[in-house]
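Sequence first, predicted coordinates after that:
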Amino acid sequence: MIQFEEDVKEFLKVLDPEVLRKAQNSTLTRMRSKTATRLSKEARSKYNISAAAVRDALSKRLKFSKQSQPKQAFLWYISRRIGLINFGAKFKKVRTPRGVRQAATVKLYKNRPRKKLKRAFIASGGNSNVQLFQRERAGQTSRLPIEALYGPSVAQMIGSDAVLNDAREFVKEEYPVELMRQIDFQLSKL
């Protein structure tokens, strides 16, 4: 959590408390959106994932606490692990001792090359959703058992130290600027 120790009493001496309250609520709402965008960009700079996948993990889990003192805004990323099919999985022809075969490849990280997965294939699962599957043992001749392959969850991507530190620095720089902008706006409405 990021906290700001501002001398609110100085603002209260000069401003109407209602103006400050409205400005603070607007600032927290805007900073929540800006920080979510910043977190998404930082996570996507490392992982090969779409912005929509990051946004979906956040969409219904926003909370804005108006009752607490000091005011707080929360960003909650809650998601399951994402199937490797969402990380650019595709087929590639490879030569094997048994001839030319199709191998599944995936690109999990943006700055690393594609990775060929052994015994992996792309198929639709039981609920008609396409997944990347892998046979459990090498040389397996029967069709089963197979398992779907998953990558990290959005919460794990966002929760890395580098991403969180960048977000903290962003909020420390941007919060006072946005607060003053909102105070000016609220004063212009008077």
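Thanks, I have it. Numbers count the residues shown, from 1 in each chain.

Give me the domain ranges for the protein.
The record assigns the chain these domain ranges, following automatic domain parsing: 8-77+159-188, 82-153.

Any chance of CSV for those domains, columns mean neighbour count and mean pLDDT?
Yep, even glycine has a C-beta here, placed from its N, CA and C like the rest. Output for the domains of the chain, formatted as CSV (neighbours: other CB atoms under 10 Å; pLDDT from 0 to 100):
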stretch, mean neighbour count, mean pLDDT
domain 8-77+159-188, 15, 82
domain 82-153, 13, 83
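
which residue ranges form the helices in this structure?
Assigned helices in the chain, in chain order: 8-14, 17-46, 51-58, 154-158, 161-188 (criterion: DSSP state H).

So which residue is dead centre in this protein?
Closest residue to the average C-alpha location of the chain: V54 at 3.9 Å, with CA atoms, centre = their mean.

gap between the spatially closest residue to that one that is not a sequence neighbour and A104?
Taking CB to CB, 6 or more residues apart in numbering as the measure, V54 lies nearest to S40, with 4.4 Å between them; neighbours along the chain are not counted. Applying CB to CB, to the nearest Å, the value for S40 to A104 is 27 Å.

again with A155
26 Å.

and what of G125?
Remark: distance between G125 and A104 (CB to CB) = 15 Å.

Also Q131?
Computed with CB to CB, the distance linking Q131 and A104 is 11 Å.

joint contacts of these two?
Taking CB atoms under 8 Å, 6 or more residues apart in numbering as the contact definition, Q131 and A104 share the neighbouring residues I122.

and stretch 48-59, how far from the chain's centre?
Relative to the chain's own centre, stretch 48-59 is displaced by 6 Å; criterion: CA atoms, centre = their mean, to the nearest Å.

got the CA coordinates for that stretch in PDB?
Only the C-alpha atoms of stretch 48-59 are listed here, as PDB (Å, rounded to 0.1, in the frame of the first residue of the first chain):
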ATOM      1  CA  ASN A  48       3.800 -11.600 -23.800                       C
ATOM      2  CA  ILE A  49       0.200 -11.000 -22.800                       C
ATOM      3  CA  SER A  50      -2.600  -8.700 -24.000                       C
ATOM      4  CA  ALA A  51      -3.900  -5.700 -22.200                       C
ATOM      5  CA  ALA A  52      -7.400  -7.200 -22.200                       C
ATOM      6  CA  ALA A  53      -6.200 -10.200 -20.100                       C
ATOM      7  CA  VAL A  54      -4.700  -7.900 -17.500                       C
ATOM      8  CA  ARG A  55      -7.800  -5.700 -17.500                       C
ATOM      9  CA  ASP A  56     -10.100  -8.700 -17.100                       C
ATOM     10  CA  ALA A  57      -8.300  -9.600 -13.800                       C
ATOM     11  CA  LEU A  58      -9.100  -6.200 -12.500                       C
ATOM     12  CA  SER A  59     -12.500  -5.300 -14.000                       C
END
